[in-house]
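*Asks:* task: produce atomic coordinates for the following.
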Amino acid sequence: MAHPSGSSRGVPLTAVLAPAGPGACDHQGDRDLPVRIWSELLAEDRPRYQRRLAEALGPQEEYLTDTEHQLYRAGKQLRPLLLLLAARLVHGPSELPEKAVDGAVSLEMLHVATLIHDDIVDDSLLRRGLPSVNAARGGATAVLVGDLQFVQAIRGFVEAIDHTRDMDLVKLVLDTAFRVCCGELDELATDPAAPTDELVARYWRTIERKTAVLLGLACEAGAALAGGRTSESRRLGFYGRRVGRAFQIMDDLFDLARADAAAGKPRGMDLVQRRPSLPLVLAAEELGPAHRVTRVLRGARLDEGELPDLLDEICATAAFGRSWALAREQALDALEYLRPFPASCYRGALRDLALYVVDRAP
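*Replies:* Numbering: from 1, shown residues only. This is a model prediction of the structure:
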């Protein structure tokens, strides 16, 4: 596997993250793919989504500040995007039912709730380059504001249903929220000194709960709310979960490789917080127990000024490339779940998004 710059092997990081193989979409540098999908394929749905989001935030407006509104304005809004694309895939180009749009709004509120709570748990001061709710308003307020988003998200899903079958979606939403919380707790309880095999297995379980299930919910709920068959909804749920796994691995790679300004948060926070991400676990195994990376991951004090050098050493390992290969494997596996659907611009967009997740530049 290719190795990033800083390595004695001399292969640049962009080579590691470049598209590979026949038929791969070249999204290198195409940071605007989600924006283009919103503005082109979902041009009719976007204003409906924005209007319904504003209405859903209305009841809590007196408790929100610009910090919370920035969480809704910033970012790619990938989860509602996936939900609406999945809905379009089974529904076609005619007007989507209102409940599908409401489901997209509720899903984004659920996601924002997890972001706020993540920043409290991690004591993060930045989110997407801006002060986190935790930093701007304090932990106590952040907890309650995060809870508001969660409760409003569940209310939105309940209000969106209109027949018995949709009740299963409410259970799915609650199960997903439960699993996200379990994933966060799993991550906090992980011992970085555990054997590599155990850490890798725990990592897969954690990202399945923490990240993958929410993207799976987006796709499964989108198809169901648009009237898709159960088999179609389930298939799209499997697609979304694999995209979610790939997304989290890439996020963990970017934590090591991205400059602070590009990431919107300090570089190397997983190592600073002794969070055993997949690339860190594999790098520690490769570098050996006596290496500073391994020792810091297992609890040794991080010396002032040494973090950049340690991160460069991690990026120079084969573990970095192995992790990317596993992320791409998940993305390619996701594409298999799209094959039974007829060719359409919506299926093409879902395919492009899966590859975009692993092919975008750092």
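*Asks:* quick one: secondary structure of the residue with the largest distance to the centre of the chain?
*Replies:* Ranking residues of the chain by C-alpha distance from their mean position (CA atoms, centre = their mean) puts residue 290 at the top, at 33.0 Å. Using DSSP: H, G, I helix; E, B strand; the rest coil as the criterion, the local structure at residue 290 reads coil.
*Asks:* ok, residue 280 next?
*Replies:* Under three-state DSSP, the three-state class of residue 280 is helix.
*Asks:* pretty sure it contacts residue 271?
*Replies:* Yes - with contact defined as CB atoms under 8 Å, residue 280 reaches residue 271; the gap is 6.3 Å. Every C-beta, even on glycine, is put in place using the N, C-alpha and C of the backbone.
*Asks:* got any residues that touch both of these two?
*Replies:* Overlap between the neighbourhoods of residue 280 and residue 271 consists of 256, 293, 297, 314, taking contacts as CB atoms under 8 Å, 6 or more residues apart in numbering.
*Asks:* residue 357: how many residues sit nearby?
*Replies:* 27 (other CB atoms under 10 Å).
*Asks:* that one belongs to a strand, doesn't it?
*Replies:* No - per three-state DSSP, residue 357 lies outside any strand segment and is helix.
*Asks:* ok, the closest residue in space to residue 88 that isn't next to it in sequence - contacts?
*Replies:* Among residues not flanking residue 88 along the chain, residue 346 sits closest, at 4.4 Å (CB to CB, 6 or more residues apart in numbering). Contacts for residue 346 (CB under 8 Å, 6+ apart) come out as 41, 85, 88-89.
*Asks:* for the protein, which segments count as strands?
*Replies:* Chain-ordered strands for the chain, with DSSP state E as the definition, fall at 126-127, 130-131.
*Asks:* among these, which is the most enclosed?
*Replies:* Burial of those is given as mean neighbour count (mean count of other CB atoms under 10 Å); strand 126-127 ranks first at a mean of 20.
*Asks:* so what's the nearest residue to residue 328 once chain neighbours are set aside scoring on pLDDT?
*Replies:* Leaving aside its sequence neighbours, residue 328 sits nearest to residue 358 (CB to CB, 6+ apart; 4.7 Å). Among the per-residue scores, residue 358 shows a pLDDT of 96.
*Asks:* kindly report the same for residue 322.
*Replies:* Taken from the predicted model, the pLDDT recorded for residue 322 is 97.
*Asks:* that one reaches residue 283, doesn't it?
*Replies:* No - between residue 322 and residue 283 there is no contact, the gap being 9.3 Å when judged by CB under 8 Å.
*Asks:* for residue 335, what are its contacts?
*Replies:* Neighbour list for residue 335: 239, 351, 354-355 [criterion: CB under 8 Å, 6+ apart].
*Asks:* so which of residue 322 and residue 283 has more stuff around it?
*Replies:* Residue environment comparison for residue 322 versus residue 283 gives the larger neighbour count to residue 283, 27 against 16, counting by other CB under 10 Å.
*Asks:* now the nearest residue to residue 268 once chain neighbours are set aside: how far from residue 56?
*Replies:* In space, residue 268 comes closest to residue 311 once its chain neighbours are excluded; the distance is 4.8 Å by CB to CB, 6+ apart. With distances taken as CB to CB, to the nearest Å, residue 311 is found 40 Å from residue 56.
*Asks:* repeat that for residue 226.
*Replies:* Residue 226 sits at a distance of 19 Å from residue 56 (criterion: CB to CB).
*Asks:* settle it for me: which of those two has more neighbours?
*Replies:* residue 226 (23 against 20).
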